[in-house]
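J.: just need the structure, nothing else, for what follows:
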Amino acid sequence: MSDYVLSCCSTADLPVDFFKTRNIPFVCFHYTMDGVEYPDDLGQTMSFEEFYSRVAAGALPTTSQVTVGAFVDFFEPILASGRDVVHISFSSGLSGTYNSAVIAHEQLTAKYPDRKFFLIDSLGASSGYGLLVDMAADMRDGGASIDEVRAWVDDNKLNLHHWFFSTDLSHYKRGGRISATSAAVGGLLGICPLMNMNHEGKLIPRQKIRGKKHVIEAIVKKMQEHAQQGSDYAGKCYISHSACYEDARLVADLVEDTFPKLDGKVLINSVGTVIGSHTGPGTVALFFMGDRRTK
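T.: Next comes the predicted model:
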């Protein structure tokens, strides 16, 4: 066992069993639906099926970031036990949670000055953030020191690409993110927005593509353009989806056909309840290692 703890937030959107078997504790975000607050605990308290069914029926969940107090409660028992910590945080470009973690970090490093406590802004989200954590865990399990893991994550986090598309604009309309007119026109024309995450960890619309078949082809084309070694990419590839497994499977099949040297099959996960509160059903996201995100 390593002499340090690798941790992250629940918004890494990987299966709860992954975190258990890899010995990666995570701190939970929360969301409120129909007046009740729930932990974003990777489908344990509320299944993803129930969550997305309720959203599709008109529920508009709201989310809350992790508080300073919650971070202190999460980290202090680890530091008090004499172990060091490297925590990879959800993107600061999408949430103020990283700032809460920074404040907790300042308090705890003052209290435990002999401990190494590293905090890294992933500039990532969902299973792309999870893939970064997974690769850090591979390094840890391979014997890398906490300093080596910290340096590698900082040096490589902007090489983790996040590409998204949505085939359902209704939740964006209900949440006020697009106008009713734009949603109606987009739905009528079958427009599927293609987005990615930029170098600041913010989600940026890139293209409006007409038709599911074309946007699936386009997102895999982006992987060809940006993946390390192009079509000879030999790294891991993750996909997450919000209640649209069939679409995610189509993307995965095309990726596996296009990149025969992949490190294993494409891993398909569910978009979690916090990120899903903002996307609603119908979003597919593709994650892989590539060239450096610069804009």
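J.: poorly predicted segments of the stretch 101-250 of the chain, please.
T.: 169-189 (pLDDT under 70).
J.: please enumerate the helices of it.
T.: In the stretch 101-250 of the chain, the segments counted as helices under DSSP state H, counting those that start in this stretch are 126-141, 146-156, 170-174, 180-189, 212-226, 245-258.
J.: tabulate the ones you listed (TSV), appending mean neighbour count.
T.: To be clear about C-beta, it is placed using only N, CA and C from the backbone, and glycine gets the same treatment. Formatted as TSV, these follow (neighbours: other CB atoms under 10 Å):
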stretch	mean neighbour count
helix 126-141	24
helix 146-156	16
helix 170-174	20
helix 180-189	13
helix 212-226	18
helix 245-258	17
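J.: can you report how many residues lie near the nearest residue to Asp34 once chain neighbours are set aside?
T.: Once flanking residues are discounted, Asp34 sits nearest to Ala59: 6.0 Å by CB to CB, 6 or more residues apart in numbering. Using other CB atoms under 10 Å, Ala59 has 15 other residues around it.
J.: go on, Arg54?
T.: For Arg54, using other CB under 10 Å, the count is 15.
J.: can you check Val27 too?
T.: Neighbour tally, Val27, other CB under 10 Å: 23.
J.: isn't it up against Val68?
T.: No - contact criterion CB atoms under 8 Å: Val27 and Val68 do not qualify, at 11.6 Å.
J.: on that earlier part again, which SS class is the residue nearest to Asp34?
T.: Using DSSP: H, G, I helix; E, B strand; the rest coil, the structure places Ala59 in coil.
J.: next, Thr67: phi, psi?
T.: Thr67 adopts backbone torsions of phi -80, psi 160, taken as degrees, to the nearest 10.
J.: skipping its backbone neighbours, what lies nearest the residue most central in space within the chain in space?
T.: Nearest to the geometric centre of the chain sits Ser126, at 1.4 Å (CA atoms, centre = their mean). If the residues on either side of it in the chain are set aside, Ser126 comes closest to Asp13, at 4.3 Å by CB to CB, 6+ apart.
J.: list the contacts of that neighbour.
T.: By CB atoms under 8 Å, 6 or more residues apart in numbering, Asp13 lies in contact with 42, 125-127, 129-130, 240, 269-272, 275.
J.: can you list those in JSON lines and add distance to Lys111?
T.: Listed next are the contacts of Asp13 as JSON lines, based on distance: CB to CB, whole Å:
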{"residue": "Leu42", "distance to Lys111": "30"}
{"residue": "Ala125", "distance to Lys111": "30"}
{"residue": "Ser126", "distance to Lys111": "33"}
{"residue": "Ser127", "distance to Lys111": "34"}
{"residue": "Tyr129", "distance to Lys111": "28"}
{"residue": "Gly130", "distance to Lys111": "30"}
{"residue": "Ser240", "distance to Lys111": "36"}
{"residue": "Asn269", "distance to Lys111": "36"}
{"residue": "Ser270", "distance to Lys111": "37"}
{"residue": "Val271", "distance to Lys111": "36"}
{"residue": "Gly272", "distance to Lys111": "31"}
{"residue": "Ile275", "distance to Lys111": "32"}
